[in-house]
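Trainee: give me a 3D structure for the following:
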Amino acid sequence: MSEALELIKKELGPDALIIESRKVKKRGITGWFSPPQVEVTAVLESKKPTTIEKQEYSYPPVNNQSESVFENAAKEIAELKGMLEEIKKEAAFSSVVDAKKQSLGVEPLATVRERLVSTGMSGEAADIILMDLIQHGVDLKSAQSIDRGIRAAIARLIRIEKPNFIKKPTLIFLVGTTGVGKTTTVAKLAAKYHLMEDYKVGLITIDTYRIAAVEQIKTYAEIINIPVEVAFNKEDYLRALKRFEDMDFIFVDTAGRSQNNLIQVGELREYLDAKKPDEVHLVISATAKLEDCESIVSAFVPLGVTHLIYSKADETLKHGSLFDIIKITDLPLSFISTGQRVPEDLKIPTVENVVGLILEG
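Mentor: Prediction:
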């Protein structure tokens, strides 16, 4: 950081303002032992022709507009101070971490990283956990300490939150790509809240592209003994909401959309804008490739996604990628779907069982 500041001072002079800084490191385990690098963005502040001393006691009467200007200036100054404090903290933490990495050597770090990657998580996700272990002073030469430390680190780095009964009715959308099991998951949720928790539940499907999907959700609704509405357009959808206004929960099943077809994904916004849902759950399959998860998140999260559902957990033996998905989405995990049975194959996650799933499958 000091070298970067010297270069900025040399290029732009002492009046330069720092607007952004971030740490940059090489990828992979070798990057852990490379000198830390910092990228700093700075701009040159324009000079004001007036002299502050001459105007110190001659401010014009304060009006609402000038108050706003002063408030904005004060806010910007506070933000800059906060940024500088964060830079200082990051620099101090980096020094501690670098010293710790040098004292440990390559072998313990590589061994722990290899163990994490073997669960199916990416190397980048493993690095996040390794950083947490180092930060919390875990003994990486003790197998027992490592196991406890990894579990504690994952527990700190994930969030779990089930749907809440916010108001009557609570409107919940399920969105995602094709073939991730949204319709089955909607049926499981409806059965759980109606049959097991005695809530009044209504189902709406706007997935009218597949006749099989409409018939499937109608069959589920008949078995669960709850009403279902099929909406072919926004007007149908609004009428269905009107019919279900005395329900506790309304679950909406949507058509699967490819994350690569943003026009199709955007079509969902017509319904989301017609009546803002209380929660939007993104369903991601356990079998999804990690490289696809980022594009899925980029496509669907702008729709206002609030939760993550991990589906088809029974179709793979390794679940380390779940940690990647949670970190990529930065969303709380609400449910885990593990099979076709309704509602038995819907699991309510806890920190303990999610950590176990990630590490042990």
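Trainee: need the contact partners of stretch 176-184.
Mentor: For stretch 176-184, the surrounding residues in contact (CB atoms under 8 Å, 6 or more residues apart in numbering) are 174-175, 205, 207, 213, 216-217, 220, 253-254, 256-259, 282-285, 288, 296, 300, 311-312, 337, 340, 342. C-beta coordinates here come from the backbone N, C-alpha and C atoms, glycine included.
Trainee: just for the stretch 201-350 of the chain, where's the confidence low?
Mentor: For the stretch 201-350 of the chain, residues meeting the criterion pLDDT under 70 lie at 210-211, 259-261.
Trainee: if we can go back for a sec, so of the contacts of stretch 176-184, which ones are in helices?
Mentor: Within the contacts of stretch 176-184, residues falling in helices by DSSP state H are A213, Q216, I217, Y220, I296, F300.
Trainee: rewinding a little: just the buried residues from the contacts of stretch 176-184, in PyMOL please.
Mentor: Command for PyMOL that selects the buried part of the contacts of stretch 176-184, burial taken from 16 or more other CB atoms under 10 Å:
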select buried, resi 174+175+205+207+213+216+217+220+253+254+256+257+259+282+283+284+285+288+296+300+311+312+337+342
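Trainee: restricted to strands, list the contacts of stretch 176-184.
Mentor: In this view, the contacts of stretch 176-184 that belong to strands under DSSP state E are L174, V175, T205, D253, L282, V283, I284, S285, S311, S337.
Trainee: tell me the one of these nearest E235?
Mentor: Minimum distance to E235 across those is 15.4 Å, recorded for T205 (CB to CB).
Trainee: that closest one reaches F232, doesn't it?
Mentor: No. T205 is beyond contact range of F232, at 10.0 Å (criterion: CB atoms under 8 Å).
Trainee: okay if I get the ones in strands among the contacts of stretch 176-184 as a markdown table plus distance to V40?
Mentor: Listed next are these as a markdown table, based on distance: CB to CB, whole Å:
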| residue | distance to V40 |
| --- | --- |
| L174 | 43 |
| V175 | 39 |
| T205 | 52 |
| D253 | 48 |
| L282 | 35 |
| V283 | 40 |
| I284 | 36 |
| S285 | 41 |
| S311 | 43 |
| S337 | 45 |
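Trainee: out of those, which is nearest to S122?
Mentor: Nearest to S122 out of the ones in strands among the contacts of stretch 176-184 is I284 (CB to CB; 14.9 Å).
Trainee: ranges for the strands of the stretch 151-300 of the chain?
Mentor: Ranges of strands within the stretch 151-300 of the chain are 170-176, 201-205, 228-230, 249-253, 279-285, based on DSSP state E, counting those that start in this stretch.
Trainee: coming back round to it: which two in the ones in helices among the contacts of stretch 176-184 are spaced the farthest apart?
Mentor: Farthest apart among the ones in helices among the contacts of stretch 176-184 by CB to CB are Y220 and I296. That separation is 25.1 Å.
Trainee: residue ranges of each domain in this protein, please.
Mentor: Under the assignment automatic domain parsing, the domains of the chain span 1-45+72-103, 105-157, 170-360.
Trainee: okay if I get those domains as CSV plus distance to N164?
Mentor: Shown next, in CSV, are the domains of the chain (distance: least, CB to CB, whole Å):
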stretch, distance to N164
domain 1-45+72-103, 32
domain 105-157, 22
domain 170-360, 7
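Trainee: most tightly packed of those domains?
Mentor: Most buried of those by mean neighbour count (mean count of other CB atoms under 10 Å) is domain 170-360; its value is a mean of 18.
Trainee: restricting to C-alpha, output stretch 320-332 in PDB.
Mentor: The C-alpha coordinates for stretch 320-332 follow below in PDB (Å, rounded to 0.1, in the frame of the first residue of the first chain):
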ATOM      1  CA  GLY A 320     -18.800 -29.500  -1.500                       C
ATOM      2  CA  SER A 321     -20.200 -27.300  -4.400                       C
ATOM      3  CA  LEU A 322     -23.100 -26.300  -2.100                       C
ATOM      4  CA  PHE A 323     -20.600 -24.100  -0.200                       C
ATOM      5  CA  ASP A 324     -19.600 -22.500  -3.600                       C
ATOM      6  CA  ILE A 325     -23.300 -22.000  -4.400                       C
ATOM      7  CA  ILE A 326     -24.000 -20.300  -1.100                       C
ATOM      8  CA  LYS A 327     -21.000 -18.000  -1.400                       C
ATOM      9  CA  ILE A 328     -21.700 -17.200  -5.100                       C
ATOM     10  CA  THR A 329     -25.300 -16.400  -4.500                       C
ATOM     11  CA  ASP A 330     -24.700 -14.700  -1.100                       C
ATOM     12  CA  LEU A 331     -28.200 -16.000  -0.200                       C
ATOM     13  CA  PRO A 332     -29.500 -17.800   2.800                       C
END
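Trainee: having no further points to raise, I will conclude here.
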